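*Asks:* The amino acid sequence is not available; the structure is as follows:
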């Protein structure tokens, strides 16, 4: 599916994309900000995720974000990653201006108050406790990130490095973070639906045009040094089964080798037909489940294998089996049929995802943030260009033994 769009930029630097789809009575409005957990400082982490919550806690002229949107028949949500923060709305076309009103007011300024901060701080702290402290294996990614990253801010999770960082967040800290990052010059607005560029331009100028542009984010993040030795860590906790997590450094989102690494995850451990599920779950019965995936990070990320070890088997034996599978990959590569199946799976996933106008709005904004929204229509080509030879080259370059981080998560 070729996704067409038009683009214009307001004087304050806000980039606006318009994707027309005359077949739907709904319209999607997506605002993506060029800020994530990697933009935090090591002593104040979790701020980007805190803002995902604060942005719904009321803005300068609108005490409640959800109520007027629900009155307009709309729904919304948001997510934060280590790289970006994304807010999206879907509502009936005739109420499009409601979305512009809501999004522009919270881009202009939040309702900064001790009460709002305290409410959202409690929400985030409870989320931290529920999902990352009290949940079995909840802190696995905390340990894995700290093991794999020595310098880069990917070493902490989106929710934050320490619970105390959110507990100790002060109103001035929060205000400074907002006015540094959540500005028009660091944002992309995408509107998808039965709209024209002329319509959107009028609304964008009316609602966003007078917001101060802010300063473009300039990143000077520390580069992660090349890993040259194996790293291993063992933790124990009250969990039902031992688990093994292994992570290798791979290229960033726009770098050569990224798409080959993605295809490797499909072949090795994504789904019941994958190599490791067939051999290590079904045949050898070492794992109750196993998966292979990558973090999709804009800066160099991680390719991860994780699995729960069957009762009675050792985590060490399970780990050896994973390493044997990786060794086979590095020695023999993959077959033409395996690669073709993986490409077909990726193609169907892309096509299915693009059915939704909400996904199209989201993806267009994301590619524009990466540098060029037109790249959305060439993503599949990059996968198709991967050959068995180039995939093997990527595997040998990045899935080296000395580039591996292993976390043994054992029953106490």
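*Replies:* Looks like it arrived, so ask away. This one's a predicted model, so the numbers in the text were calculated from it and none came from an experiment.
*Asks:* can we go C-alpha only for contacts and neighbour counts from here?
*Replies:* Noted.
*Asks:* Now do the most centrally placed residue in the chain against residue 370, distance only.
*Replies:* Against the mean C-alpha coordinate of the chain, by CA atoms, centre = their mean, the closest residue is residue 81 at 4.4 Å. Per CA to CA, to the nearest Å, residue 81 is found 14 Å from residue 370.
*Asks:* again with residue 376
*Replies:* As judged by CA to CA, residue 376 and residue 370 stand 10 Å apart.
*Asks:* likewise residue 59?
*Replies:* Residue 59 is 28 Å from residue 370, by CA to CA.
*Asks:* of those two, who's got more company?
*Replies:* A side-by-side neighbour count of residue 59 and residue 370, using other CA atoms under 10 Å, places residue 59 first with 22 against 14.
*Asks:* Not counting sequence-adjacent ones, nearest residue to the more buried one?
*Replies:* Distances taken as CA to CA, 6 or more residues apart in numbering place residue 110 nearest to residue 59, at 3.9 Å, with adjacent residues excluded.
*Asks:* Check whether the one you found really touches residue 62, as I assumed.
*Replies:* No: using CA atoms under 8 Å, residue 110 is not in contact with residue 62; the gap is 9.0 Å.
*Asks:* higher neighbour count, these two?
*Replies:* Counted by other CA under 10 Å, residue 110 and residue 62 do not tie: residue 110 has more neighbours, with 23 against 17.
*Asks:* residue contacts, residue 257?
*Replies:* 250, 251, 391, 394 (CA atoms under 8 Å, 6 or more residues apart in numbering).
*Asks:* Spatially nearest residue to residue 325, not counting backbone neighbours?
*Replies:* Nearest to residue 325 is residue 276, by CA to CA, 6+ apart, at 7.2 Å.
*Asks:* For that neighbour, the count of nearby residues, please.
*Replies:* Neighbour count of residue 276, defined by other CA under 10 Å: 27.
*Asks:* do residue 371 as well
*Replies:* 11.
*Asks:* Which stretches in the protein count as strands?
*Replies:* 6-9, 15-20, 26-33, 75-80, 85-92, 187-193, 231-237, 243-250, 287-294, 301-309, 404-411 (DSSP state E).
*Asks:* Let me know which of these is tucked in deepest.
*Replies:* Stretch with highest mean neighbour count among the strands of the chain: strand 187-193 (a mean of 28; mean count of other CA atoms under 10 Å).
*Asks:* do you know how far residue 148 is from residue 124?
*Replies:* 25 Å.
*Asks:* the more surrounded of the two?
*Replies:* Remark: of residue 148 and residue 124, residue 148 carries more neighbours, 27 against 22, as counted by other CA under 10 Å.
*Asks:* what's near enough to touch that one?
*Replies:* Contact analysis of residue 148 by CA under 8 Å, 6+ apart lists 155, 231, 247, 248, 249, 405.
*Asks:* Show the model's pLDDT score for the second one.
*Replies:* In other words, residue 231. You'll see residue 231 listed with a pLDDT of 98.
*Asks:* Quick check: bridge partners of it?
*Replies:* Per DSSP bridges, the residues bridged to residue 231 are residue 405.
*Asks:* Against residue 222, how distant is it?
*Replies:* Residue 231 sits 20 Å away from residue 222 when distances are taken as CA to CA.
*Asks:* now swap in the last one and tell me
*Replies:* Here residue 405 is placed at a distance of 20 Å from residue 222 (CA to CA).
*Asks:* doesn't residue 376 make contact with residue 367?
*Replies:* Yes: Residue 367 lies in contact with residue 376 (CA under 8 Å); the separation is 6.3 Å.
*Asks:* buried sites along stretch 100-116?
*Replies:* Residues of stretch 100-116 classed as buried by neighbour count (16 or more other CA atoms under 10 Å): 100-112, 116.
*Asks:* can you give me the end-to-end distance of it?
*Replies:* OK, stretch 100-116 end separation, CA to CA: 23 Å.
*Asks:* What mean pLDDT does that stretch get?
*Replies:* For stretch 100-116, mean pLDDT rounds to 93.
*Asks:* try stretch 49-64
*Replies:* On average, the pLDDT along stretch 49-64 is 89.
*Asks:* which residues touch that stretch?
*Replies:* Contacts for stretch 49-64 (CA under 8 Å, 6+ apart): 36-37, 65-66, 78-81, 85, 102, 105-106, 108-112, 116-117, 120-121, 124, 158-160, 166, 178.
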